[in-house]
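Q: Would you be able to build a 3D model of this:
(4 chains)
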Number of protein chains: 4
Amino acid sequence: MNVRRLRDADREGWDELWRGYLRFYRADVSDAVSDATFARLCDERDGMVGLIATGEGDRPVGLAHLVFHPSTWSAASYCYLEDLYVASGARGGGFAHALFDAVYAAARAGGAERVYWHTQQYNGAARSLYDTVGQLTSFIVYERELGD
Amino acid sequence: MNVRRLRDADREGWDELWRGYLRFYRADVSDAVSDATFARLCDERDGMVGLIATGEGDRPVGLAHLVFHPSTWSAASYCYLEDLYVASGARGGGFAHALFDAVYAAARAGGAERVYWHTQQYNGAARSLYDTVGQLTSFIVYERELGD
Amino acid sequence: MNVRRLRDADREGWDELWRGYLRFYRADVSDAVSDATFARLCDERDGMVGLIATGEGDRPVGLAHLVFHPSTWSAASYCYLEDLYVASGARGGGFAHALFDAVYAAARAGGAERVYWHTQQYNGAARSLYDTVGQLTSFIVYERELGD
Amino acid sequence: MNVRRLRDADREGWDELWRGYLRFYRADVSDAVSDATFARLCDERDGMVGLIATGEGDRPVGLAHLVFHPSTWSAASYCYLEDLYVASGARGGGFAHALFDAVYAAARAGGAERVYWHTQQYNGAARSLYDTVGQLTSFIVYERELGD
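A: Residues are numbered from 1 along each chain as shown, chains lettered A, B, ... in the order given. Got it, this is the predicted structure:
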């Protein structure tokens, strides 16, 4: 088990994980956006950092995507853990914990003082993990999609 | 009633609003951070945009702070509405609605395709407004403060 | 199907259930604490009572741990149902219901006027059972771990 | 502002606070139970500890009642903060924070490794405080009143 920075050579394995993750959220993300996201993560551009967990033979089995951004409440940046995913066949093996360890280390190294993430209120499987590595807050999320 | 970009001359009025807002959250933000935040908002640096609602005599009665940041799900940026506040004496007068109109306009102008914000699950007064100008999601917020 | 008080001879079966239960909560409990807890439950010391559900051949398939404690609201004690677990292979067979019957009988016998327990807000499988044998309250749980 | 252990001479002031607290919960607690509770708290019997916050002239303006009890998960005890109240006229003056400081100190001194408490999910005023001094968990509370 290993967690390291995402790199160009991971594209194929990352694609599979990313597609599995988006299917979970029933989300449509265009190929153009996926291409751009992969490039930004590998290049660590725009505040993005990609992490990948690998199993035997350096095969990618999990991903974490961080987005650093400033906050009005702090001189340090906040680190938004936008995406976290472990392939279904690799669950229960400690990859998610290893990813969180790496997320916190990368956030600290990037100068953030706080990592936060969103999860569906009813996602028990995820929350039972998050309850052990993070802190539930009293906050919920509102949004507004801006039409063209 | 007017909503406009925050500017250097608003410092005194902004301070009062910002302190009232932080008191509501029982939050401690140092003067150094407040100084830096005000400057970033006025200069629209680091993806930050400040909006201020004014009443009679251009007196500041409400504020909104936006933080634009990239997203792995989109080529466009997301706009995080980090802070929103209307002074208690000015509530019920439509300032919050006017601020939201300006937030959405500024987000569009800044190239964002989505605005999102956090609110306490139990903040009924705020949520009854948010339900009319935004969309509740099923997401809750986890966090991890990173010690030194 | 039978539910009875936990006894020394149950140690092996109890261990397996206890470990499965702790795995569910991703919790680390040291062997020393587990040893002490088993002894307190069997001896009914410190307000603790252990119950065990057994299937064919008196094989343990479920457990319930009670902690009696005083309350400022009552002359009688309260009974905190701290742990409840049925092995995954034994679910759907009525063991949980039988455990609750025994919990209530033991609580009454121990002089309690109220049994209460905590469950994860998102644990739908557990809550669909609890809704039939208990009463949801409006209460949520806050905590503070005390560092050394 | 001061927080100290409850003592016999506080009876009158405590009564007023206790009645105000119970009114908040629309709860009926008999005089006999209140008498016994006051005595247990002053004598620190049955795992109970009473704390009282006082303002000018040593006048009681807030209370906190702790119940220490064992846990199956720990060799140390847990400290249940069963009751916390600040008189309405004394709110906003920092008494609740001072009470929490004293609660944590008393819990540590009593050998507890964890303090926990329940609050109504919709009690925004209380939760906005608790969010600053404690930790929201994912747990909710079920109960069963045992008839005669």
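
Q: How about the residues of chain A by chain D?
A: A:127, A:131, A:135, A:136, A:137, A:138 (CB under 8 Å from any CB of the partner chain). Any C-beta I mention is one placed from the backbone N, CA and C, and that applies to glycine too.

Q: what's the burial count for the fourth one?
A: A total of 19 residues lie near residue A:136 under the criterion other CB atoms under 10 Å in any protein chain shown.

Q: And chain B, is the helix or strand hosting it touching that?
A: Using DSSP states H and E, residue A:136 sits in strand A:135-145. Yes: residues of strand A:135-145 contacting chain B under CB under 8 Å from any CB: A:135, A:136, A:137, A:138, A:139, A:140, A:141, A:142, A:143, A:144, A:145.

Q: With only the CA atoms kept, save that strand in PDB.
A: Presented in PDB, the C-alpha positions along strand A:135-145 are these (Å, rounded to 0.1, in the frame of the first residue of the first chain):
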ATOM      1  CA  GLN A 135     -14.800  16.100  12.700                       C
ATOM      2  CA  LEU A 136     -18.500  16.500  11.900                       C
ATOM      3  CA  THR A 137     -19.600  20.100  11.900                       C
ATOM      4  CA  SER A 138     -23.000  21.600  12.200                       C
ATOM      5  CA  PHE A 139     -22.800  23.000   8.700                       C
ATOM      6  CA  ILE A 140     -24.900  22.000   5.700                       C
ATOM      7  CA  VAL A 141     -24.400  23.200   2.100                       C
ATOM      8  CA  TYR A 142     -26.600  25.400   0.000                       C
ATOM      9  CA  GLU A 143     -25.900  26.200  -3.700                       C
ATOM     10  CA  ARG A 144     -27.100  28.100  -6.700                       C
ATOM     11  CA  GLU A 145     -26.300  26.900 -10.200                       C
END
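
Q: Next, the angle strand C:135-145 makes with it.
A: Calculated by axes from the mean of the first three to the mean of the last three CA atoms, to 10 degrees, strand A:135-145 forms an angle of 110 degrees with strand C:135-145.

Q: which ones are touching residue A:53?
A: A:1-3, A:60-64, A:86, A:90, A:95, A:98-99, A:102 (CB atoms under 8 Å, 6 or more residues apart in numbering or on different chains).

Q: Residue A:132: how many residues sit nearby?
A: Residue A:132: 14 neighbours (other CB under 10 Å).

Q: If we ignore the residues flanking it in sequence, what's nearest residue A:28?
A: Nearest residue to residue A:28, sequence neighbours excluded (CB to CB, 6 or more residues apart in numbering or on different chains): residue A:22, at 7.6 Å.

Q: oh, I was asking about residue A:66
A: Per CB to CB, 6+ apart, closest to residue A:66 is residue A:49, 4.4 Å.

Q: Surely residue A:111 touches residue A:75?
A: No: the criterion here is CB atoms under 8 Å, and residue A:111 misses it with residue A:75 at 9.6 Å.

Q: State the number of residues packed around residue A:16.
A: Neighbours around residue A:16, by other CB under 10 Å: 15.

Q: so where does it fall, helix or strand?
A: Here residue A:16 sits within helix A:11-24, counting by DSSP H and E.

Q: buried residues in that helix?
A: Residues A:11, A:13, A:14, A:17, A:18, A:21, A:22 are the ones in helix A:11-24 that count as buried (16 or more other CB atoms under 10 Å in any protein chain shown).

Q: returning to what we had before: can the contacts of residue A:53 go into a markdown table with extra columns for neighbour count?
A: Shown next, in a markdown table, are these (neighbours: other CB atoms under 10 Å in any protein chain shown):
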| residue | neighbour count |
| --- | --- |
| A:1 | 14 |
| A:2 | 11 |
| A:3 | 21 |
| A:60 | 21 |
| A:61 | 23 |
| A:62 | 24 |
| A:63 | 27 |
| A:64 | 26 |
| A:86 | 24 |
| A:90 | 19 |
| A:95 | 21 |
| A:98 | 18 |
| A:99 | 23 |
| A:102 | 20 |
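
Q: a markdown table please, covering those residues and showing distance to chain C, pLDDT and secondary structure.
A: A markdown table is the format used below for the contacts of residue A:53 (distance: CB to the nearest CB, whole Å; pLDDT from 0 to 100; DSSP: H, G, I helix; E, B strand; the rest coil):
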| residue | distance to chain C | pLDDT | secondary structure |
| --- | --- | --- | --- |
| A:1 | 17 | 87 | coil |
| A:2 | 22 | 94 | strand |
| A:3 | 19 | 98 | strand |
| A:60 | 24 | 95 | strand |
| A:61 | 19 | 97 | strand |
| A:62 | 17 | 98 | strand |
| A:63 | 21 | 98 | strand |
| A:64 | 18 | 98 | strand |
| A:86 | 14 | 97 | strand |
| A:90 | 17 | 91 | helix |
| A:95 | 14 | 96 | helix |
| A:98 | 14 | 97 | helix |
| A:99 | 15 | 98 | helix |
| A:102 | 18 | 98 | helix |
